[in-house]
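>>> Got a sequence here, can you model it:
(one chain, ligands or ions: 3)
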Amino acid sequence: MFGIAMRTLMSPSLAPFSLHLPKPALFSRVLRVSSLTNSAFAANKSPTNSPHSTVSTRKLQTEAAAAASSQPLSISSPGEIHVVVGPMFSGKTTTLLRRMLAERETGKNIAIIKSDKDTRYCIESIVSHDGEKFPCWPLPDLSCFKERFGIDAYENRLDVIGIDEAQFFGDLYEFCREAADKEGKTVIVAGLDGDYLRRRFGSVLDVIPIADTVTKLTSRCEVCGKRALFTLRKTEEKETELIGGAEVYMPVCRSHYVSGQGVLETARAVLDSSSIKTHDVEAASLPPF
Ligand SMILES: Nc1ncnc2c1ncn2[C@@H]1O[C@H](COP(=O)(O)OP(=O)(O)O)[C@@H](O)[C@H]1O
Ligand SMILES: Cc1cn([C@H]2C[C@H](O)[C@@H](COP(=O)(O)O)O2)c(=O)[nH]c1=O
Ligand SMILES: [Zn+2]
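Ligands and ions are numbered 1, 2, ... in the order given. Sure thing, here's the model as predicted:
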């Protein structure tokens, strides 16, 4: 599918960065920015800046703006942020892959990052639950990406950055804001909005106010087949971060999240109390030292 199999044969250190033609000139166009200069400030603070001197103030401001516009300021055009969230098995990785490949089809240079905490499948590829895969950069945090990728290649040739398992990156917000606002990159973020207890997960929700688009995907409830909004953890572990797939988690609808969570909590309480009792009995029956 999408020629992914062939590209995954390439060295992961080369393949995540697919080089194309240089950026179109339009992309890094030079903008002339008319900012409020010191002389404009001076004009505003001038004693002539009274209701009776509107014309002269306007004239001064026009002159200040003209002076500023004669000094071109080179800034690249702003980028974009697109966020894809949903429970596990809802198609986040699949969607990220399709969008990244669509960007590449239009001649953009792309790179995909995933958290190095996700050790399922192959460490240097993102892999969907259906087995689609693509080489990626497994990283401990996003701040090290620019240097690892190469500062020149990052600044001058990379157009689109995909981030999978975004909930595991503590510096997600800062990275996305910098990349889109200041560096003209398109960033596509895929991650869990909520953990197994439906609490916000990592910084994914923080990116929403600075995003261009937000897509919430759903899966199929493993119990009844209806729309699944949440991820139920089937095991006893309580830590927020626990890497795993279908052996640990299942997608569920609202009703089955509530009943499933209730059943699991009751089962755990029963198990806990019976293990305490068993432990007490065992301890009581041990011979004294
Ligand atoms: N309960 C499930 N267990 C295993 N695979 C599932 C389950 N539900 C859905 N899937 C498969 O997972 C695919 C989505 O995979 P993926 O894109 O990796 O999702 P996500 O990144 O959101 O976890 C679905 O198209 C479906 O075929
Ligand atoms: C709900 C939940 C999930 N995780 C982990 C489990 C997986 O390793 C990833 C999610 O992968 P996917 O691409 O969305 O299938 O996150 C976790 O650590 N804690 C949780 O509460
Ligand atoms: Zn259900």
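>>> for the nearest residue to Phe230 once chain neighbours are set aside, what are its contacts?
Take Phe230 and drop its neighbours on the chain: the residue closest to it by CB to CB, 6 or more residues apart in numbering is Tyr257, 4.3 Å away. (Each C-beta comes from the backbone N, C-alpha and C, glycine too.) Contacts here follow CB atoms under 8 Å, 6 or more residues apart in numbering; on that basis Tyr257 touches Arg198, Leu229, Phe230, Leu232.
>>> among these, which two are most distant?
Checked with CB to CB, the contacts of Tyr257 reach their widest spread between Leu229 and Leu232, with 10.9 Å between them.
>>> neighbour count winner among these two?
Taking neighbours as other CB atoms under 10 Å, Leu229 and Leu232 compare with Leu232 leading, 24 against 21.
>>> hang on, that one is in a helix, isn't it?
No: the assignment for Leu232, made by DSSP: H, G, I helix; E, B strand; the rest coil, is strand rather than a helix.
>>> Just the buried positions in stretch 259-271, please.
By neighbour count on 16 or more other CB atoms under 10 Å, the buried set for stretch 259-271 is Gly260, Gln261, Leu264.
>>> Now, those residues that are in helices?
Among these, DSSP state H puts Gly260, Gln261, Leu264 in helices.
>>> With pLDDT and distance to ligand 3 as new columns, can those be given to me in a markdown table?
Below are these laid out as a markdown table (pLDDT from 0 to 100; distance: CB to the ion, whole Å):
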| residue | pLDDT | distance to ligand 3 |
| --- | --- | --- |
| Gly260 | 91 | 9 |
| Gln261 | 86 | 12 |
| Leu264 | 82 | 15 |
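>>> picking up where we left off before, overlap in contacts of Leu229 and Leu232?
Contact with both Leu229 and Leu232 is made by residues Val252, Tyr257, according to CB under 8 Å, 6+ apart.
>>> Tell me where the model's unsure across the protein.
Along the chain, segments meeting pLDDT under 70 span 1-76, 275-289.
>>> domain parsing for it?
75-217, 218-289 (automatic domain parsing).
>>> Packed most tightly, which of those would that be?
Among the domains of the chain, ranked by average contacts under mean count of other CB atoms under 10 Å, first place goes to domain 75-217 (a mean of 19).
>>> That one near ligand 3 at all?
No: for domain 75-217, no contact with ligand 3 is found by CB under 5 Å from the ion; the gap never falls below 12.1 Å.
>>> i'd like the first residue to be 200 from this point on
Okay, using 200 as the starting number, the last item reads as domain 274-416.
>>> And ligand 2, is that domain touching that?
Yes: on the criterion CB under 6 Å from any ligand atom, domain 274-416 is in touch with ligand 2 at Met287, Lys291, Thr292, Asp317, Glu364, Leu391, Asp394, Tyr395.
>>> Around ligand 1, pick out the residues from the stretch 200-349 of the chain.
So far as CB under 6 Å from any ligand atom goes, the stretch 200-349 of the chain lies against ligand 1 at Gly285, Met287, Phe288, Ser289, Gly290, Lys291, Thr292, Thr293, Ser327, His328, Asp329.
>>> Of these, which is the nearest to ligand 3?
Proximity of these to ligand 3 (CB to the ion) peaks at Phe288, which lies at 13.4 Å.
>>> residues contacting that closest one?
His328, Ser418, Ala427, Ala445, Tyr448, Met449, Pro450.
>>> among those residues, which are in helices?
Per DSSP H, the contacts of Phe288 never map to helices.
>>> And Val386, which helix or strand is it part of?
According to DSSP states H and E, Val386 maps onto strand 385-390.
>>> Please apply the same query to Cys375.
Applying DSSP H and E, one finds Cys375 within helix 371-376.
>>> ok, now Ala466?
Per DSSP H and E: helix 453-484 holds Ala466.
>>> can you tell me how far Thr430 sits from Gly290?
For Thr430, the distance to Gly290 equals 13 Å [CB to CB, to the nearest Å].
>>> correct me, but Glu364 touches Gly390?
Yes: the criterion here is CB atoms under 8 Å, and Glu364 meets it with Gly390 at 6.1 Å.
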